[in-house]
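Peer 1: missing the sequence, but the structure's below:
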């Protein structure tokens, strides 16, 4: 299992378009991926779950993955959340 805690650096947070991109990216991986905020754990491959967290710019979240491509999944998704990779 790999996990990484980061501060979201997306100007508008995970609004619908960014959340859709994030979920699409998460679905590219085989690993089971979770996003954690304020002790709420959701499946990163669920758009409704992700939107329910209300992730805004400056929020701290943890991305956790377990599976054969867990390291790549966490690195890729946290890069996006830190604003280092665009939609």
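Peer 2: That came through, no problem. Since the model is a prediction, treat every value here as computed from it, not as a measurement.
Peer 1: can you give me phi and psi for the residue located most distally from the centre of the chain?
Peer 2: Distance to the chain centre peaks in the chain at residue 68, reaching 17.7 Å (criterion: Cα atoms, centre = their mean). The phi and psi values for residue 68, taken as degrees, to the nearest 10, are phi -60, psi -30.
Peer 1: apart from its chain neighbours, what residue comes closest to it?
Peer 2: In space, and not counting its chain neighbours, residue 68 is closest to residue 30: 5.6 Å by Cβ to Cβ, 6 or more residues apart in numbering. C-beta here means a position set from N, CA and C on the backbone, and glycine is covered the same way.
Peer 1: these two touch, right, that neighbour and residue 67?
Peer 2: Yes. With contact defined as Cβ atoms under 8 Å, residue 30 reaches residue 67; the gap is 5.3 Å.
Peer 1: now for the helix or strand hosting residue 74, which elements pack on it?
Peer 2: Assigned by DSSP states H and E, residue 74 belongs to helix 70-81. Packing partners of helix 70-81 (3 or more Cβ pairs under 8 Å, 6 or more residues apart in numbering; DSSP states H and E): strand 2-7, helix 16-26, strand 32-37, strand 60-66.
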